[in-house]
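K.L.:
Whatever this is, show me its structure:
(chains A and B)
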Amino acid sequence: MKIRVKLFAVARQRIGRDSLEIELPDQPTIRHLRASLVEHFPALADIVTHSRLAINNEYATDTFPIPPIAEIALIPPVSGG
Amino acid sequence: MVSLTNDALNPAELLAQVASHDAGAAVLFLGTTREFTHGRRTTSLDYECYPEMAQEKLAELEAEARRRWPLTGCSIVHRLGHLALGEASIAIAVSSPHRHDSFAAGQWLIDTIKQVVPIWKQENWADGTSEWVHPGLTND
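P.N.:
Residues are numbered from 1 along each chain as shown, chains lettered A, B, ... in the order given. Modelled structure (predicted):
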């Protein structure tokens, strides 16, 4: 299935857009998403390793299944405050 | 109450929001933009966020702070966009019947916000370069 991933800060800067689309195997988990991002977007490889993924505004663990309809975001280490 | 804004922060307004006759203490924390970081000079900062999630996480942290400490008020505002040196990027005001709870809650809130709320800053260095700040990630 194809999903869209929102991008912020250095990830947005490197890709040049505020989101990307990526094809994943059926019944994907966050772990599949991480692997596909590294494979298809090498410019994000180091960022993906250090980032959390959010599904519908919540941080998701690597085994979390990605629902067919969801808002997904790559969250690099945060620096607010 | 939590909010995100592009406007200059108003600490007096925040303190007024947490005022209560049941409070014996009010603590205000301001995060301000610093000129030197590890000897490198900054001229300004830019903040961006993931708006829906940042708002939701801030609200969760306010609720958690109210669960952990007997607060009479708790207000958090984070600034976004372009900030000059010395401007406040975040203001946290908490009040409680006794001062220890306000200090503890304020400290916990700023420490936790810095770990979990999806907000990022970009340093605009004096040498003309700019760099997103991502703790733990070496940025080329």
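
K.L.:
low pLDDT regions in chain B?
P.N.:
Residue ranges of chain B with pLDDT under 70: B:139-140.

K.L.:
For the chain, which segments count as strands?
P.N.:
In the absence of a named chain, chain A is used. Assigned by DSSP state E, chain A shows strands spanning A:2-6, A:19-23, A:52-55, A:58-60, A:72-75.

K.L.:
wrong chain, I was asking about chain B
P.N.:
Using DSSP E, the strands of chain B run over B:2-5, B:25-32, B:36-37, B:40-49, B:73-79, B:81-84, B:88-96, B:119-125, B:130-132.

K.L.:
Now render those as TSV, adding mean neighbour count and distance to A:Leu74.
P.N.:
For every residue, glycine as well, the C-beta is placed using N, CA and C. Formatted as TSV, these follow (neighbours: other C-beta atoms under 10 Å in any protein chain shown; distance: least, C-beta to C-beta, whole Å):
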stretch	mean neighbour count	distance to A:Leu74
strand B:2-5	16	20
strand B:25-32	17	25
strand B:36-37	10	25
strand B:40-49	17	14
strand B:73-79	23	20
strand B:81-84	14	22
strand B:88-96	24	23
strand B:119-125	21	12
strand B:130-132	18	13
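
K.L.:
which of the strands of chain A sits most buried?
P.N.:
Greatest average neighbour count among those goes to strand A:72-75 (a mean of 22), per mean count of other C-beta atoms under 10 Å in any protein chain shown.

K.L.:
quick one: contacts of that strand?
P.N.:
Residues outside strand A:72-75 that contact it (C-beta atoms under 8 Å, 6 or more residues apart in numbering or on different chains) are A:3-8, A:11, A:33, A:37, A:44, A:47-48, A:51-55, A:59, A:66, B:50, B:53, B:118.
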